[in-house]
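Asker: Pasting the sequence and the predicted model now:
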Amino acid sequence: MIEDKDVVELFPPANFSLVTTGIYRSGFPTKKNLPFLRKLKLKAVLALVPEAIPEWLTSFYEANGIALLQHGLPGNKEPFVNIPQDKIALAIQALLDSRNYPVLIHCNKGKHRTGCLVGCLRKLQSWSLVAICDEYRRFSAPKSRVLDQQFIELFDVACVSYDVRYKPNWL
């Protein structure tokens with residue numbers, strides 16, 4: 001019989017979801033999420049925030065053999081702040097290296113920057129723009145940004161390079 005003291009409650013980060021085989025997405029992890037993240041047996045975390053990652057979280061990553069891949073991105077906010085296409089391309093390049101799997105992508109809330117990155121990845125997977133924007137809006141609601149959807153639409157997948165030896169089988 002299992003005793004209550006043996007049961008560990010698992011709490012996924014906000015906006016947590018499977019993107020595709022080997023890739024998860026979420027908002028910024030909290031201390032409460034660490035047992036859940038441990039269960040995922042992550043090899044890498046792709047953090048899209050420009051701010052420094054807290055020491056308690058980097059210590060957790062180090063203790064669990066998780067590589068921190070930080071690609072700090074600004075959000076698409078009117079009138080003058082835009083996500084640079086070359087930075088999204090570098091982040092996608094990390095996602096197209098299966099040696100990083102399983103990997104978790106996160107920004108602060110798992111909505112806008114993460115949504116843009118996942119949307120651009122979906123373009124590489126040949127999803128229709130309607131399906132891409134629908135997925136983006138499901139995760140970004142109630143504050144979907146037209147600029148984000150425009151960024152995804154105009155993103156040039158030809159600017160993404162990757163090592164074909166480590167290409168995921170879903171691409």
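Answerer: Everything's here; your move. Numbers count the residues shown, from 1 in each chain.
Asker: going forward, measure contacts between C-alpha atoms and count neighbours the same way
Answerer: Will do.
Asker: Could you check the pLDDT of residue 84?
Answerer: You'll see residue 84 listed with a pLDDT of 80.
Asker: For the residue nearest to the spatial centre of the chain, which residues are in contact?
Answerer: Nearest to the geometric centre of the chain sits residue 105, at 2.0 Å (C-alpha atoms, centre = their mean). Contact partners of residue 105, counting by C-alpha atoms under 8 Å, 6 or more residues apart in numbering, are 23-26, 45-48, 114.
Asker: mind listing which of those are in helices?
Answerer: The helices, defined by DSSP state H, take in residue 114 from the contacts of residue 105.
Asker: Selecting buried members of the contacts of residue 105 in PyMOL, what would you type?
Answerer: Filtering the contacts of residue 105 down to the buried ones (16 or more other C-alpha atoms under 10 Å) takes a single PyMOL command:
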select buried, resi 23+24+25+26+45+46+47+48+114
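Asker: In space, what's closest to residue 163 - neighbours in sequence excluded?
Answerer: Nearest-residue entry for residue 163: residue 97, 7.2 Å, with adjacent residues in sequence omitted and distances by C-alpha to C-alpha, 6 or more residues apart in numbering.
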